[in-house]
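**Student:** Build me a model:
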Amino acid sequence: MQYPKMLYIGTTKSHKHEIAQNVDHEAELRDLGFVDFGELEDEVNQVSGGVLGSASSKDFKNAFVPIEQFDAVSEELVLKELQFNVAQTERDQFKEDLDKALEEIQQLQQVIDSFKTEQKNVEPVTAETDYNSLTTPQLQKFLDEKGITYLKRDNKDTLISLLENAGK
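**Tutor:** I've put the predicted structure just below:
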């Protein structure tokens, strides 16, 4: 036999060809249903019932899905739709919660800002100290902290007057 050799599959009007390069390749193609062009069947011989375009009951059996498989797919589809609806509801609820949280954050920020402005406007209040209840060493310590000079022999009344005059 001479190679390359052309082999065909299909009918005389509608076919596909393949080129066999050697004996082994030709055997593979013939196993797959390829034949010589002269062996191709006519379109009329392959038509079911002798009418072009008609379908046999065998064709319909292969075209449909078994009921059990259809029911299983339907149940799975219903389950997936339910899961999708739950996920959408959870997403919507999350968005609402997020919007509420952002609103609350803005309100709290406004409160914080108002306190900051109030704090800037408030003058620091110095606590009035009852110097009479303090001892002489405590009064001397206050005077030292404020940088006021005094004499070690000054009595309590003198130290109190020095502190009161320094505050004015």
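**Student:** mind giving me the domain ranges of the chain?
**Tutor:** Structural domains annotated on the chain: 5-63, 66-122, 131-167, as defined by automatic domain parsing.
**Student:** Take these and lay them out in JSON lines including mean neighbour count and mean pLDDT.
**Tutor:** Quick note: C-beta positions are derived from backbone N, CA and C, even for glycine. Shown next, in JSON lines, are the domains of the chain (neighbours: other Cβ atoms under 10 Å; pLDDT from 0 to 100):
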{"stretch": "domain 5-63", "mean neighbour count": "12", "mean pLDDT": "76"}
{"stretch": "domain 66-122", "mean neighbour count": "10", "mean pLDDT": "90"}
{"stretch": "domain 131-167", "mean neighbour count": "13", "mean pLDDT": "88"}
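**Student:** what ranges do the helices span in the protein?
**Tutor:** Secondary structure of the chain by DSSP state H: the helices cover 23-31, 43-46, 57-63, 67-121, 136-146, 156-167.
**Student:** gap between Phe37 and Lys141?
**Tutor:** For Phe37, the distance to Lys141 (Cβ to Cβ, to the nearest Å) stands at 122 Å.
**Student:** List the contacts of Pro137.
**Tutor:** Pro137 is in contact with no residue at all, counting by Cβ atoms under 8 Å, 6 or more residues apart in numbering.
**Student:** if I look at it, how far off is Asp144?
**Tutor:** Taking Cβ to Cβ, one finds Pro137 at 10 Å from Asp144.
**Student:** Then Thr89?
**Tutor:** Thr89 sits 72 Å away from Asp144 when distances are taken as Cβ to Cβ.
**Student:** Kindly report the same for Ile112.
**Tutor:** Counting by Cβ to Cβ - Ile112 and Asp144 are separated by 39 Å.
**Student:** now do Val111
**Tutor:** 42 Å.
**Student:** same thing with Ala166?
**Tutor:** 12 Å.
**Student:** what do you get for Thr12?
**Tutor:** Here Thr12 is placed at a distance of 123 Å from Asp144 (Cβ to Cβ).
**Student:** ok, now Leu159?
**Tutor:** 11 Å.
**Student:** Next: Leu163.
**Tutor:** 11 Å.
**Student:** anything in contact with each of the two?
**Tutor:** The contact lists of Leu163 and Asp144 share no entry, where a contact means Cβ under 8 Å, 6+ apart.
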